[in-house]
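Predicted model, plus sequence, below.
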Amino acid sequence: MSEQFEPVIICFTCNWCSYRAADLAGTARMHYAPNVRLVRLMCSGRLDPTFIMKALSGGADGVLITGCHPGECHYIEQNYKAQSRWLLLRRVLKGLGIAPERVKLTWTSASEGTKLTKDINSFVEEIRDQGPLAWHKNLQQEKQEKSQHNPQQTPVEVTA
Amino acid sequence: MSNDKTKKIGVYVCHCGTNISHTVDVEKVRDWAAEGLGAEGVVIARDYKFMCSSPGQELIEQDIKELGLDRVVVAACSPHLHELTFRNAGKRAGLNPYLTELASIREQVSWVHTDKEAATAKAKAVVTGAVERVIENEPLEELKVAIHPDTLVVGGGIAGIQAALEIANAGKKVWLVERDASIGGHMAQFDKTFPTLDCAACILTPRMFEAGNHPNIELMTWSEVTNVAGYVGNFSVTIKKKPRYLKEELCTGCRICVEKCPKKIVDQGYEAGIGYRKAIYTSSAQAVPKYPVIDTANCNFFQKGTCKVCEKSCPTEAIDYEQKEEFLTVDVGNIILATGYDLFDARKMSNYGYGRLPNVFTSIEFERMCNAAGPTSGDIVLRDGKTTPKTVGIIHCVGSRDRNYNNYCSNICCMQSLKFAHLVKERTGATVYDFYIDMRTPMKAYDEFYQRVLEEGTLFVRGKVAQVTDAARKASEEGKLMIQVEDTLIGKQRRIPVDMVILSIGMEPRHDAKETGKLFGIGCSANGWFTEKHAKLDPISTMTEGIFIAGTATGPKDIPSSVAQGSAAAARVLNMIMRGEVTLEPIKASVYQGQCSGCRICNSLCPFNAITFLEDRKVSEINPALCQGCGTCVAACPAGAISGTGFSNDQILAQIDGLLMDVTLADA
Ligand code: SF4
Ligand code: SF4
């Protein structure tokens, strides 16, 4: 019997909306899939595409980006900037042969614990359908191969 | 992983009674931290029933002192709950508060998951993320800035007047800027105020006068703010004083010029289009200040080059056609925005016929009509100026609670309509129909007023009016306005003939609220109203330190609420002035200028105008007092020249590493 694939997902949250929605989901004991691990940023605008690449190359199968609804950004309009970056990143991912669907953007206000829960659960299912990414394994393999040729060389890592 | 072995980290896992330990195997998490993360610098890992209790905190303090910890991770609840608690615990033991991290394994793990094994695995990952992150944390110092004791209040309606008076009466100086020629705002146009039926002018004009003559208030009417620079405590504001074409120091306010001016035009402002004013005018005889202003678009002299009647008639030679606009820069420590609202344009709802059917009036027209000092001297008459209506229909929620226009409730329309119903009955004895969707009368003495109007015999029809038309279907409808409505209480369509219709139009954000928001660095909600820092707990603050909001600028409100907010904003400002200085969170961005290429990409990204380009050195610079720490510029700089304290790339990347460590280890 084959075991169900359990994806690992990194979810970037904004301190003012989605992180608070996650807190709310907690206090209200709403349940969601344990596959998602949260990173708190002050704003979705802080999201450097490097963070997403780091997550994907470090073993995550998908990345969920959450921010304040359009027009409700705590910093006035920075969520729009996050959105433009996300759109751009999707093209880069495609170029790398990674399904852009692995990186998703959703809007969540601080009061939308239910929405966040739903968004997380459906994203986990979407990534389950995508299957494992295992980018980190390829990278590790590459590293090993390289170090066999040249044991001195330091392995390539994604850094900012 | 960038662990430098000099770090000594303590990890504290909380049971939170059973809130956490019920779903997370706390001991396993503790052991993982002690053994699995020993190589990362964890020298001690403990678990405890209640970490936030005094003994829990003392445990941390003791370890810092005895073991020489230089980093602390507490795995417990949300940082929004106890970040400060544990930062302070660290601080008491001599640790910089920013070297403590709180890993949320309650809100993010035990409360949202049910499978103990999966929850424990996730808790380990969350703790690992926090450990990796805390290694990269740097000690930070809070920023202190001095507060300039003067305040700017923008908007001279009742909320702005109230705020200005509170501050001025406390002995502090206020600049009160109003773009109209007189202060008073919408309230100055009203006749009676609900539910007490006080005359609006009787309660407002003394306040206007006080504000206009207060030694601590510098009143600047016919003026607009054009630029805001600086930050909390130290704003530098540029104010444009539009030309009145009259020397204020000479004008005595005798209004002879107004009387003599030959040009009469419809007053779309104060008289809401149902009265007239001259080309040189004051909004009313009670205007504060008393000085008139010339409306150049309608002035014979400015348009045709001849006339000068006002100049000739002025006994003090105050008229000055050459006057130019002036700019003034003032320094203030805090700003209160009380910029008010616009009224919904009833023309947009063509089915109600406003603008096409003469006897359809808006609520503001009706206010002016009711006013003894208004165009009809207080007579309620049809558009012909003489016929008293025998039947009047009042329609609620015009432009409000309507998905096609504004989906929100305008708050005051029910009470305003009830007030109109009462006044029409009292003054004309007409039959009054009142069409409402829901009756909303929740404030003090409001529902009692509703009961009173019910007893007076106003006929209430529950239903949203579909149409107002003058197309008669039968002889008896001839010459009438027909109101087509579904009476939802009896479930029937009705056609009710009336002589006059009053539309209770709703409130809208100022047409230029977005630009105003940009100017002051504050945001608007999707509906366009200014956004509060916290809708419930901090409704008069904004995300920008030192900028407060009061009155209807944040959404529809009645007069008591606007006044309360004016006072509340003033209290906050006085609090800042009394403190003398403010402490700012050290989550800030800064440019490492050696690395800045001068591309200026970041310059336009900051919504708080915190980034300036130094022309001489061709690099960008961030003002730490203006920066709110969103981090957008940090993420955007292609040269990697901007770093953000508290949320640096190193911290975030390390946290991601930590969060995924189990995956990497499992597959290695
Ligand atoms: S984006 Fe970076 S390099 Fe460009 S001006 Fe700003 S700090 Fe300098
Ligand atoms: S971090 Fe945000 S607020 Fe601070 S300077 Fe950069 S863009 Fe402006």
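Good, I have the coordinates. Numbering: from 1, shown residues only, chains lettered A, B, ... in the order given. Ligands and ions are numbered 1, 2, ... in the order given.

can we go C-alpha only for contacts and neighbour counts from here?
Noted.

got any ranges where the chain has weak pLDDT?
All of this is about chain A. A:1-2, A:147-160 (pLDDT under 70).

wrong chain, I was asking about chain B
Along chain B, segments meeting pLDDT under 70 span B:1-6, B:668.

ok, now which ones touch residue B:451?
By C-alpha atoms under 8 Å, 6 or more residues apart in numbering or on different chains, no residues touch residue B:451.

same thing with residue B:552?
So residue B:552 contacts B:338-341, B:562 (C-alpha under 8 Å, 6+ apart).

Which members of those residues occur in helices, if any?
residue B:562 (DSSP state H).

So which residues of chain A form helices?
Along chain A, counting by DSSP H, helices occupy A:18-27, A:49-57, A:78-95, A:113-130, A:135-149.

just the stretch 301-450 of chain B next, same as before
B:309-313, B:363-370, B:413-428, B:446-455 (DSSP state H, counting those that start in this stretch).

For residue A:71, which of those helices is the nearest?
Using C-alpha to C-alpha as the measure, helix B:413-428 is the one of these that comes nearest residue A:71, at 26.6 Å.

ok and the closest one relative to helix B:446-455, angle-wise?
Computed by axes from the mean of the first three to the mean of the last three C-alpha atoms, to 10 degrees, the angle separating helix B:413-428 from helix B:446-455 equals 40 degrees.

Let me have the contacts of residue B:552 in a markdown table, adding neighbour count as columns.
As requested, the contacts of residue B:552 are exported to a markdown table (neighbours: other C-alpha atoms under 10 Å in any protein chain shown):
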| residue | neighbour count |
| --- | --- |
| B:338 | 28 |
| B:339 | 28 |
| B:340 | 30 |
| B:341 | 23 |
| B:562 | 24 |
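
Return the subset of the contacts of residue B:552 lying in strands.
Per DSSP state E, strands hold the following members of these: residue B:341.

Tell me how many other residues crowd the residue found closest to residue B:543 once you drop the neighbours it is linked to in the chain.
Of all residues not flanking residue B:543 in the chain, residue B:533 sits nearest, at 5.3 Å (C-alpha to C-alpha, 6 or more residues apart in numbering or on different chains). By other C-alpha atoms under 10 Å in any protein chain shown, 20 other residues sit near residue B:533.

Please apply the same query to residue A:99.
Neighbour count for residue A:99, taken as other C-alpha under 10 Å: 15.

surely it meets residue A:91?
No - in this structure residue A:99 lies outside contact range of residue A:91 using C-alpha atoms under 8 Å: 9.7 Å.

Test my guess that residue B:531 contacts residue B:522.
Yes - using C-alpha under 8 Å as the test, residue B:531 is close enough to residue B:522 to be in contact (7.4 Å).

what residues are shared contacts of the two?
In contact with both residue B:531 and residue B:522: residue B:542, using C-alpha under 8 Å, 6+ apart.

So for chain A, the centremost residue is which one?
Note on chain A: the residue nearest the mean C-alpha position is residue A:63, at 1.8 Å, using C-alpha atoms, centre = their mean.

ok, what's across the strand from that one?
Using DSSP bridges, the bridge partners assigned to residue A:63 are residue A:10, residue A:103.

how far away is it from residue A:38?
10 Å (C-alpha to C-alpha, to the nearest Å).

Residue B:466 is in what secondary structure piece?
Using DSSP states H and E, residue B:466 sits within strand B:465-469.

Could you list which residues are in contact with the residue lying closest to residue B:190 once chain neighbours are set aside?
Excluding the flanking residues, the one nearest residue B:190 by C-alpha to C-alpha, 6+ apart is residue B:367, at 5.3 Å. Residue B:367 sits next to B:189-191 when contact means C-alpha under 8 Å, 6+ apart.

and among the helices of the stretch 301-450 of chain B, the most buried is which?
Of those, the one with the most neighbours on average (mean count of other C-alpha atoms under 10 Å in any protein chain shown) is helix B:363-370, at a mean of 24.

and that one, how far out from the chain's middle?
Here helix B:363-370 is found 28 Å from its chain centre; the criterion is C-alpha atoms, centre = their mean, to the nearest Å.

Dump the helices of chain A to CSV, plus mean neighbour count.
What follows is the helices of chain A, written out as CSV (neighbours: other C-alpha under 10 Å):
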stretch, mean neighbour count
helix A:18-27, 24
helix A:49-57, 21
helix A:78-95, 17
helix A:113-130, 19
helix A:135-149, 15
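
Out of these, which gets nearest to residue B:17?
Among the helices of chain A, helix A:18-27 sits nearest to residue B:17 (C-alpha to C-alpha), with 15.1 Å.

ok, is that closest one in contact with chain B or not?
Yes - applying C-alpha under 8 Å from any C-alpha of the partner chain, one finds that helix A:18-27 is in contact with chain B at A:22-27.

packing partners for that helix?
Using 3 or more C-alpha pairs under 8 Å, 6 or more residues apart in numbering or on different chains; DSSP states H and E, the elements in contact with helix A:18-27 are helix A:113-130.

re the thing from before, dihedrals phi and psi, the residue nearest to residue B:543?
Phi and psi for residue B:533, reported as degrees, to the nearest 10, are phi -60, psi -50.

again with the one 5 residues further on
Backbone torsions for residue B:538, taken as degrees, to the nearest 10, come to phi -150, psi 60.

Might you report the residue contacts of it?
Applying C-alpha under 8 Å, 6+ apart, the residues near residue B:538 are residue B:532.

cool, and residue B:453?
Residue B:453 neighbours (C-alpha under 8 Å, 6+ apart): B:418, B:421-422.

likewise residue B:541?
Residue B:541 makes contacts with B:532-534, B:547-549, B:569, as judged by C-alpha under 8 Å, 6+ apart.

okay, now residue 58: neighbour count?
With no chain named, the answer covers chain A. So residue A:58, with other C-alpha under 10 Å, has 25 neighbours.

The intended chain is chain B.
17.

any idea how far it lies from residue B:18?
Applying C-alpha to C-alpha to residue B:58 and residue B:18 gives a distance of 21 Å.

okay, the helices of the stretch 301-450 of chain B in JSON lines with distance to residue B:500 next?
Shown next, in JSON lines, are these (distance: least, C-alpha to C-alpha, whole Å):
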{"stretch": "helix B:309-313", "distance to residue B:500": "40"}
{"stretch": "helix B:363-370", "distance to residue B:500": "11"}
{"stretch": "helix B:413-428", "distance to residue B:500": "11"}
{"stretch": "helix B:446-455", "distance to residue B:500": "19"}
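
Can you say which of these is nearest to residue B:47?
Nearest of those to residue B:47, taken as C-alpha to C-alpha: helix B:446-455 at 56.3 Å.

From chain B, how far off is residue A:70?
With the distance defined as C-alpha to the nearest C-alpha, to the nearest Å, residue A:70 ends up 7 Å from chain B.

Around chain A, pick out the residues from the stretch 401-550 of chain B.
Near chain A, when you scan the stretch 401-550 of chain B using C-alpha under 8 Å from any C-alpha, you find B:521-526, B:543.

again, only this time at 7 Å
B:522-526, B:543 (C-alpha under 7 Å from any C-alpha of the partner chain).

Output those in CSV; the columns should cover neighbour count and secondary structure.
Below are those laid out as CSV (neighbours: other C-alpha atoms under 10 Å in any protein chain shown; DSSP: H, G, I helix; E, B strand; the rest coil):
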residue, neighbour count, secondary structure
B:522, 26, coil
B:523, 29, coil
B:524, 25, strand
B:525, 18, coil
B:526, 12, coil
B:543, 19, coil
